[in-house]
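**Student:** sharing a sequence plus its predicted fold:
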2 protein chains.
Amino acid sequence: MKQTVSAPTHTCRKANDVIALIGDKWTVHIVMLLASGTQRFSDIQRQVDGISRKMLTVTLRGLERDGYVTRTVYATVPPRVDYALTPFGCELVGPLRALGDWAIANQPRVIAARVAYDRRDLAA
Amino acid sequence: MKQTVSAPTHTCRKANDVIALIGDKWTVHIVMLLASGTQRFSDIQRQVDGISRKMLTVTLRGLERDGYVTRTVYATVPPRVDYALTPFGCELVGPLRALGDWAIANQPRVIAARVAYDRRDLAA
DNA sequence: AGTTTAGGTCTCTTTTAGAAACAAAAGGTT
DNA sequence: AACCTTTTGTTTCTAAAAGAGACCTAAACT
């Protein structure tokens, strides 16, 4: 029997692959940061609260690979590496900022919902 | 010495907490699905390609806890459980759909960027 | 009796995230 | 000369999370 993968399913799987990176919590922060201009590695690390060097490297490499950011290495010692959005990356800023702003604006409601849920759970 | 956590940093950490769930690859799919109406557990599982029962349970529970969806259990055998967006969850649909649509529309460009990157990488 | 069904849970294995040590090499300091 | 600092990583090791698959319940059907 042939595989029964419908067209919509196929589209979803591919979109999922894109979303897996752009929806990532670190990615949202980093892209919003870079939206305000070029930054070097250590600048980003300082501004993205709680990220480890490793995860920053991994995330930035992924963003570079997918075409959202450029990585410019200066052959100095100690090294200096600049990250900046590509034009394609700039296009992503709109929808991503919408999500980020929504999250910031509605965070108190989420916290309230959590507290209510956990209290209800406790009572049961 | 006092902790030096600036106000923006504080805001970012809290927003991060919200984004960690709403930006999740499964969440985006599930919320978009529920946007078109109430669905039962097995319906969602069938439509969200590749999700395991466990991850579907975990994700839906998280969405319920944060106030985005309601969970209605019917005491029948075999059981039946309906999931639906709350009014709050409906508010999330806008920004989430924007992101999802962007991902679908631009997926080919991402794939192209990846291929180019990997080829460049290989040549080096 | 035995089978099927829906919505989970439980256990076990594989990935992934995160913390922390190490690298490299030019320039300044002792 | 030997040592320290600086920046951007990489490597290693541990903890947490995701995924695969068996198991559970109990009514209705065969």
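**Tutor:** Here it is on my side, so go on.
**Student:** alpha carbons only for contacts and neighbour counts from here, please
**Tutor:** Will do.
**Student:** roughly how far apart are residue A:68 and residue B:113?
**Tutor:** 9 Å (CA to CA, to the nearest Å).
**Student:** can you check residue A:121 too?
**Tutor:** 47 Å.
**Student:** ok, residue A:28 - contacts?
**Tutor:** Each residue near residue A:28 by CA atoms under 8 Å, 6 or more residues apart in numbering or on different chains is listed here: A:22, A:96, A:97, A:100.
**Student:** kindly recompute the last result at 10 Å.
**Tutor:** By CA atoms under 10 Å, 6 or more residues apart in numbering or on different chains, residue A:28 lies in contact with A:21, A:22, A:92, A:93, A:96, A:97, A:99, A:100, B:16, B:19, B:20, B:23.
**Student:** briefly note if the helix or strand encompassing the third one comes near DNA strand C.
**Tutor:** Just to be clear, that refers to residue A:92. Assigned by DSSP states H and E, residue A:92 belongs to helix A:87-123. No - applying CA under 7 Å from any atom of the strand, one finds helix A:87-123 separated from DNA strand C by no less than 12.3 Å.
**Student:** buried ones in the one helix or strand residue A:14 maps to?
**Tutor:** Using DSSP H and E, residue A:14 sits within helix A:7-22. Using 16 or more other CA atoms under 10 Å in any protein chain shown as the test for burial, helix A:7-22 gives A:12, A:13, A:15, A:16, A:17, A:18, A:19, A:20, A:21, A:22.
**Student:** keep only these that also lie close to chain B.
**Tutor:** A:12, A:13, A:15, A:16, A:17, A:18, A:19, A:20, A:21, A:22 (CA under 10 Å from any CA of the partner chain).
**Student:** list the contacts of the last one.
**Tutor:** The contact partners of residue A:22, by CA under 10 Å, 6+ apart, come to A:16, A:28, A:31, A:59, A:62-63, A:66, A:68, A:92, A:96, B:23-25, B:99, B:103.
**Student:** which strand residues bridge residue A:39?
**Tutor:** residue A:83 (DSSP bridges).
**Student:** do you know how far it is from residue A:78?
**Tutor:** 16 Å.
**Student:** so the two - more neighbours on which side?
**Tutor:** Each of residue A:39 and residue A:78 has its neighbours counted (other CA atoms under 10 Å in any protein chain shown); residue A:39 has more, 18 against 6.
**Student:** DNA strand D contacts on chain A?
**Tutor:** Residues of chain A lying near DNA strand D (CA under 7 Å from any atom of the strand): A:40-43, A:53-54, A:57, A:77-82.
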